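Q: Please find the sequence and the predicted model below.
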Amino acid sequence: MEFHKTFYKFLKWNVVVATLLAGFFLGGCESTEQSQPPRPAPEVAVVKVQPQKVVLTTELPGRTSAFRVAEIRPQVSGLVQKRLFTEGSDVKAGQALYQIDPAPFQAVLDNAMAALGRSEANLLAIRLKAKRLGELLASKAVSQQDYDDATAALKQVEADIEYWKAMVKTARINLGNTTIKASISGRIGKSSVTDGALVAAYQPMALATIQQLNSMYVDVSQSTTEVLRLRRRLEEGRLAQDEINGKNVRIILDDGTEYPIEGTLQFRDVTVDLTTGSVILRLVFPNPENFLLPGMFVRAVVEEGVNPQAILVPQEAVSRNPKGNPVALIVDAEDKVQKRMLTLDRAIGNTWLVSSGLVPGDRVIVEGLQKVRPGASVKVVPFENGSEENSSESKNAAALPAKSN
């Protein structure tokens, strides 16, 4: 019995002590919470959206080709006596390249000239005979048949003369073709034949090839999707073409360097390639130093037009939601965070060209995205280097094609 009373007193005492301790701790926590100052709003750096004029360009892959190409083939058959040029050198139009043995063709010309002389020698005698018979026919001194035979012989000799004149002309042409000349000025490649080779007229294999390199073609392909997109933007007024500068193009070489001379857009093909679904654009570039060579791979930067009200935002200001759609956070007039779904056109340098989702005057959060959520109040500070960098990049960078989202 005494044990139970002692245990009861001990338990009662513990309950009292626990109650006092709990009240002490609760009172201390309440006093700590009441004394703690309110948490400050997170600080974010923003860029104010301002429309600006941007020249839109697109990069297209292509290859270079010579401005003019002439394949040298013989026009007569014969034996090559001598090659008259140095392989890989520059040649002028009309310069002799090969000499084919002219002896057979000289003999043909001599034979034709002899035949022509014989016919011309007979012409005078036959013409006088026909004239005399005509006079005698009036007095019935000769028969009509004799006169007709003389007239026919005269016409035959005259025809023979014209025939041999043509043969002489042909023989002279063939004799001249024994000296094979350059048809254009340019750089000639290697020769496919050597001295002593037998060649045939108009043979399939070219003796050599001359390429004019002082100007170069660059043929690039553009997908029909891009063509239709560009046409739709022009019709909607979202893009304006500069008639003076709209044909200026640049190329980037295979090593990443830019060719220092601008070219021009010559034409856009009207036929779509059935295998690639693209059209060919032909560009022309001056090549005074012969720096560009046929067959080089390049990327052409073609001006599409000018967007006078382009909206650009730094790329770090755009994130992606779980579905992969582009999202930006802005700060409204009450300094609260709002979420905007964007439609992106393309990347220009380190910025995005925004088609929809932002309006001029919006304050887009660039730094501090991890610290805020939509609806939260924030403290706004300007993004120090954002506007200057974006402006310079938009003027100097090429606009790369990107899929709209």
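A: Nice, thanks for sending it over.
Q: CA only for contacts and neighbour counts going forward, please
A: Will do.
Q: who are the neighbours in contact with Q144?
A: Counting by CA atoms under 8 Å, 6 or more residues apart in numbering, Q144 touches L137.
Q: same thing but at 10 Å, please
A: Contacts for Q144 (CA atoms under 10 Å, 6 or more residues apart in numbering) come out as 133-134, 136-138.
Q: What is the nearest of those to G263?
A: G134 (76.1 Å; CA to CA).
Q: State the number of residues packed around the closest one.
A: 21 (other CA atoms under 10 Å).
Q: what about burial for the contacts of Q144, which qualify?
A: Buried positions within the contacts of Q144, assessed by neighbour count (16 or more other CA atoms under 10 Å), are 133-134, 137.
Q: Domain boundaries for the chain, per the record?
A: In terms of domains, the chain is parsed into 47-64+213-401, 74-101+178-205, 103-176 (source: automatic domain parsing).
Q: T276: which element?
A: Using DSSP states H and E, no element contains T276; it sits outside every helix and strand.
Q: That one touches S223, doesn't it?
A: Yes: the criterion here is CA atoms under 10 Å, and T276 meets it with S223 at 8.0 Å.
Q: Now distance to S89 too, for the buried ones among the contacts of Q144, in TSV please.
A: Converted to TSV, these look like this (distance: CA to CA, whole Å):
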residue	distance to S89
L133	68
G134	68
L137	73
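Q: what would those residues look like in JSON lines with distance to V270, secondary structure and pLDDT?
A: Below are the buried ones among the contacts of Q144 laid out as JSON lines (distance: CA to CA, whole Å; DSSP: H, G, I helix; E, B strand; the rest coil; pLDDT from 0 to 100):
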{"residue": "L133", "distance to V270": "71", "secondary structure": "helix", "pLDDT": "78"}
{"residue": "G134", "distance to V270": "70", "secondary structure": "helix", "pLDDT": "79"}
{"residue": "L137", "distance to V270": "73", "secondary structure": "helix", "pLDDT": "76"}
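Q: per-residue confidence averaged over the lengthiest strand in the chain?
A: Secondary structure of the chain per DSSP state E: the longest strand is strand 52-72. Computed over strand 52-72, the mean pLDDT rounds to 89.
Q: ok, now stretch 305-312?
A: The pLDDT scores in stretch 305-312 average 84.
Q: Go through it and flag the buried ones.
A: Neighbour count says stretch 305-312 has 305-307, 310-312 buried, by 16+ other CA under 10 Å.
Q: what does stretch 136-149 give?
A: 137, 147.
Q: how about the domains of the chain in JSON lines, adding distance to R39?
A: Converted to JSON lines, the domains of the chain look like this (distance: least, CA to CA, whole Å):
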{"stretch": "domain 47-64+213-401", "distance to R39": "11"}
{"stretch": "domain 74-101+178-205", "distance to R39": "78"}
{"stretch": "domain 103-176", "distance to R39": "100"}
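Q: P40 is nearest to which of those?
A: domain 47-64+213-401 (8.7 Å).
Q: Any stretches of the chain with poor pLDDT?
A: 1-38, 230, 233-247, 385-405 (pLDDT under 70).
Q: residue closest to the middle of it?
A: The chain has V220 as the residue nearest its centroid, 3.3 Å off, counting by CA atoms, centre = their mean.
Q: before we move on, back to that, in terms of neighbours, single out the busier of T276 and S223.
A: Set T276 next to S223 and count neighbours by other CA under 10 Å: S223 wins out with 15 against 11.
Q: Could you single out the nearest of the contacts of Q144 to P360?
A: Distances from P360 to these, taken by CA to CA, are shortest for G134, at 105.4 Å.
Q: re earlier: which residues does the residue nearest to the residue nearest to the centre of the chain when sequence neighbours are not counted contact?
A: Nearest residue to V220 in three dimensions, chain neighbours excluded: G62, at 4.0 Å (CA to CA, 6 or more residues apart in numbering). Taking CA under 10 Å, 6+ apart, we find G62 in contact with 217-222, 251, 280-283, 295-300.
Q: Please apply the same query to R250.
A: Contacts for R250 (CA under 10 Å, 6+ apart) come out as 59, 258-265, 283, 285, 298-303.
Q: and what of A107?
A: A107 neighbours (CA under 10 Å, 6+ apart): 113, 171, 175.
Q: Can you add secondary structure and give the residues you listed back as TSV?
A: What follows is those, written out as TSV (DSSP: H, G, I helix; E, B strand; the rest coil):
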residue	secondary structure
M113	helix
A171	helix
L175	helix
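Q: what about the strands in the stretch 251-400 of the chain?
A: With DSSP state E, counting those that start in this stretch as the criterion, the stretch 251-400 of the chain has strands at 263-268, 278-286, 297-314, 319-320, 326-331, 337-341, 343-348, 351-356, 363-367, 379-382, 399-401.
Q: Confirm for me that L154 is in contact with E120.
A: No: between L154 and E120 there is no contact under CA under 10 Å: 11.0 Å.
Q: surely I72 meets V193?
A: No: judged on CA under 10 Å, I72 makes no contact with V193 at a distance of 11.5 Å.
Q: Could you check which of those two has the larger neighbour count?
A: I72 (21 against 16).
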